[in-house]
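Q: Take a look and give me a structure for this.
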Amino acid sequence: MPASTNTHVVRLHRFLPFSAAHDQIYEEYQTGEDNLDLETVAIAYATKAIRSGAKCVILTGDAGHGKTHMCRRLLEGELLGYGGDQARRHLQESCSGNTAIPSCNGSISQSLRIHKDLSEIQPPSRAARFLEDMASTEDESLVVCANEGRLRAIISSDAAGPVCSEIGNLFRQSFKHGITASTAAGIHIINLNYQSVAAKAAHRGGSLLRRVLKSWVGDGRRWGDQSCGSCSHEGVCPIRRNRTLLVEQGAESENRVRRIEEIFEVVERLGHVVTIREMLMLVAYLITGGLTCSDVDRRLSGNAPKQGWQHAWAFYSLLFRPPPNLPADRAYKGIPILAALRRLDPGSIAVREIDERILNRGEEFSPEQLDLQFLMATGGKQTVVDAAFGIDDFNGNPQNRADLTREAEATNLAVGALRRRAFFDAIDGERSVMLRLGFRFGDVFLSLLEGNLQPHERVRIKNTIIAGLHAIQGLRIARTETMLYLVDPAFGKASADAAIIARQIPSNRVNLQAASKAWHGGQEADWFLPLSVDWIDRTVILQVDESLGDLRNLSLDLLAFECVARAASGYVSEDFYANEIRHVRTFLGQLAERARNDSAQISIFMRGQLQNVSLDIGVIQVGGE
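A: Residues are numbered from 1 along each chain as shown. A predicted model of the protein is given here:
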């Protein structure tokens, strides 16, 4: 059989930022054939708001979150009722905010006025006047798209009036209380920077990431099985092998997709925002690795090795390590999230019992799998080694230093690939994903987010965090301490053995909870930030109740929580966790500052004990607790 070209692989390349034909990553250039319509919570929220009579719906967030896509979806379907071609025509011709678009099916009484990019209005004061004019329109709903920074500039410009003031107030309320609507003014804000691509939504078919994988890899009609079936390279094609690994091996494929979702949950909980555009680019990259059908044909033509090179394009290696045909700087610049994923590479993490099974005994993987074949060149000969049997066969008889170097490089590649494959195949016994990725307290973090802990477990975790806060301040106190001591920030680094205590807070006034629980929507419960997007709790909130109703919050993402929890053991690397430690110390310093007074009594922590120093009629007295 001759080699053939799969049109779906060609289509995927139109989503790759380092491909010359990368137009599909922009909504304006998508066609009906290539379009991927993802149902998101944000679209449903915007539809509900417009049906309820909203005067203005603001879509904000970084570029690539799908704001323009949402505008098209609002024109289609049940809301305005336009077909796909009509909606795209309106998107091109009628979405500059100047034209009111009526419903063509009568589902809503008001018309829709859309501005798909408010940054096109220059200067910001002119855009502010555009928003102020909204108050004078009748029987219309306005939908505007604006990046967060641009929106801030507009509502704070000289031309800002009552509408911009209300938008600014609502924007602040969304951060402080999670409220997304001012029902009196009819204004709604949908902040897509909170949107998660890994949030599980069973009623919608799973996370956004899972749905894209299912559509692009699992759909045989879209994939073009007939093209691959008639290709002479089907059995040795790394692109076709990725499809086999992700959708064609039953429960094993399901485990791998679930692990990809869990990896992205971790990435988002580390504070990285993954846009829908970046997710689409990444999925296209994971399947193809930048290869086309023609590239595969060239690599397999002539006397070139038929096997031994495909492992570099296995999806589980592409996720953490760019392939040989793609320089790392291009990969990380085109798809920035790859730089964050590189730091989570399970191929760099050794677990003794797992390494024993996959590297030494070689008993976990079936032989002759395409992605586990490695090409070795020693003594002027090229041989293919099957890593399914472990790495013993990589130990040859090197004749010189160059052979020794090549052998070491091939072994390192095989070790990393086997560990990654073991991670995605869940060959890890009882170890959780968090432990496999090196987060010792990651499961505790997840338990706090899920809110399924018993009271005694919550108290134990809280005591650990309090001990970590003490250690970060340089205090040496037992982990069972039930009081949070705050060091005076002016003397916090004066000595490792003594510290001036500015304040003491009982542990019963310290609470740990998920961000969505720390926010309260009040009477606007239906217009709550976690209900406006595909939501995933990303931070644990350390909440300190200073007085009745006066709450101070410290947001801890996964890395910051890991830092504080590890510090409870007495030591944490200040270089590695520099940003997290600075963030925590700033918060504690602000709490301590609020307690400063002119009292003649000073509390000093020295040699593991708290002592009070007071001046009484010119005599210094020292008392201990």
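Q: going forward, measure contacts and count neighbours with C-alpha atoms only.
A: Will do.
Q: which sections of the stretch 251-400 of the chain are below the confidence cut-off?
A: For the stretch 251-400 of the chain, applying pLDDT under 70 flags the ranges 378-380.
Q: Please enumerate the helices of it.
A: Remark: helices assigned in the stretch 251-400 of the chain by DSSP state H, counting those that start in this stretch are 251-269, 276-288, 293-300, 315-318, 328-334, 337-342, 352-355.
Q: who wins for proximity to L192 among those?
A: Closest to L192 of these is helix 276-288 (C-alpha to C-alpha; 9.9 Å).
Q: Which neighbouring elements make contact with that closest one?
A: helix 7-13, helix 208-213, helix 238-247, helix 315-318 (3 or more C-alpha pairs under 8 Å, 6 or more residues apart in numbering; DSSP states H and E).
Q: Need the winner for burial among those.
A: Neighbour counts (mean count of other C-alpha atoms under 10 Å) averaged over each of the helices and strands packed on helix 276-288 peak at helix 315-318, with a mean of 24.
Q: rewinding a little: could I get the helices of the stretch 251-400 of the chain as a markdown table with distance to R458?
A: Formatted as a markdown table, the helices of the stretch 251-400 of the chain follow (distance: least, C-alpha to C-alpha, whole Å):
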| stretch | distance to R458 |
| --- | --- |
| helix 251-269 | 20 |
| helix 276-288 | 35 |
| helix 293-300 | 54 |
| helix 315-318 | 36 |
| helix 328-334 | 40 |
| helix 337-342 | 31 |
| helix 352-355 | 31 |
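Q: and of those, who's closest to S165?
A: helix 276-288 (30.3 Å).
Q: OK, contacts around G77?
A: Residues in contact with G77 (C-alpha atoms under 8 Å, 6 or more residues apart in numbering) are G83.
Q: what about it, distance to V540?
A: For G77, the distance to V540 equals 38 Å [C-alpha to C-alpha, to the nearest Å].
Q: now the strands for the stretch 301-450 of the chain?
A: Secondary structure of the stretch 301-450 of the chain by DSSP state E, counting those that start in this stretch: the strands cover 373-378, 381-386.
Q: Can you add distance to F605 and mean neighbour count and give those back as CSV?
A: Below are those laid out as CSV (distance: least, C-alpha to C-alpha, whole Å; neighbours: other C-alpha atoms under 10 Å):
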stretch, distance to F605, mean neighbour count
strand 373-378, 60, 19
strand 381-386, 62, 16
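Q: I'd like those strands as CSV, with distance to S19 appended.
A: Shown next, in CSV, are those (distance: least, C-alpha to C-alpha, whole Å):
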stretch, distance to S19
strand 373-378, 28
strand 381-386, 31
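Q: To F130, which of the ones you listed lies closest?
A: strand 373-378 (61.5 Å).
Q: Packing partners of the closest one?
A: Strand 373-378 packs on strand 381-386, helix 401-424, going by 3+ C-alpha pairs under 8 Å, 6+ apart.
Q: Most tightly packed of these?
A: Scoring those by mean count of other C-alpha under 10 Å, the most buried comes out as helix 401-424, with a mean of 19.
Q: Residues touching that one, excluding its own?
A: Applying C-alpha under 8 Å, 6+ apart, the contact partners of helix 401-424 are 255-256, 259-260, 311, 316-317, 345-349, 355, 358-359, 372, 374-379, 387, 391, 394-396, 398, 428, 436.
Q: Give me the buried entries from those residues.
A: Among the contacts of helix 401-424, those classed as buried by neighbour count (16 or more other C-alpha atoms under 10 Å) are 255-256, 259-260, 311, 316-317, 345-348, 355, 358-359, 372, 374-376, 378, 387, 391, 394, 428, 436.
Q: tell me the phi and psi of I500?
A: Here is the backbone geometry of I500 (degrees, to the nearest 10): phi -90, psi 120.
Q: tally of neighbours for it?
A: 23 (other C-alpha atoms under 10 Å).
Q: For the nearest residue to it once chain neighbours are set aside, give me phi and psi.
A: The shortest distance from I500 to any non-neighbouring residue, by C-alpha to C-alpha, 6 or more residues apart in numbering, is to I604 (4.5 Å). For I604, the backbone dihedrals are phi -130, psi 130 (criterion: degrees, to the nearest 10).
Q: Any idea what I604 is bridged to?
A: I500, Q611 (DSSP bridges).
Q: That one: how many residues sit nearby?
A: Count around I604 with other C-alpha under 10 Å applied: 21.
Q: The residue nearest the centre of the chain: what's its closest spatial neighbour, skipping adjacent residues?
A: Nearest residue to the geometric centre of the chain (C-alpha atoms, centre = their mean): E268, 2.2 Å. Leaving aside its sequence neighbours, E268 sits nearest to R538 (C-alpha to C-alpha, 6+ apart; 6.7 Å).
Q: Three-state assignment for the one you found, please.
A: coil (DSSP: H, G, I helix; E, B strand; the rest coil).
Q: Could you tell me how many residues sit around it?
A: 26.
Q: buried residues in stretch 128-146?
A: Buried residues in stretch 128-146 (16+ other C-alpha under 10 Å): 128-132, 134, 140-146.
Q: Need the pLDDT of L404.
A: With respect to pLDDT, L404 scores 84.
Q: same deal with F175?
A: 89.
Q: count of residues packed around it?
A: With other C-alpha under 10 Å as criterion, F175 counts 13.
Q: so how many other residues sit close to the nearest residue to Y45 once chain neighbours are set aside?
A: The shortest distance from Y45 to any non-neighbouring residue, by C-alpha to C-alpha, 6+ apart, is to S532 (5.5 Å). If you count neighbours by other C-alpha under 10 Å, S532 ends up with 26.
Q: Please apply the same query to G224.
A: 16.
Q: So it versus V257, what's the distance?
A: According to C-alpha to C-alpha, G224 and V257 sit 21 Å apart.
Q: returning to what we had before: closest one to D550 among the helices and strands packed on strand 373-378?
A: Per C-alpha to C-alpha, nearest to D550 of those: helix 401-424, 45.2 Å.
Q: Please name whichever of the helices of the stretch 251-400 of the chain is nearest to V584.
A: helix 251-269 (17.3 Å).
Q: buried sites along that closest one?
A: Under 16+ other C-alpha under 10 Å, the buried positions of helix 251-269 are 252-257, 259-269.
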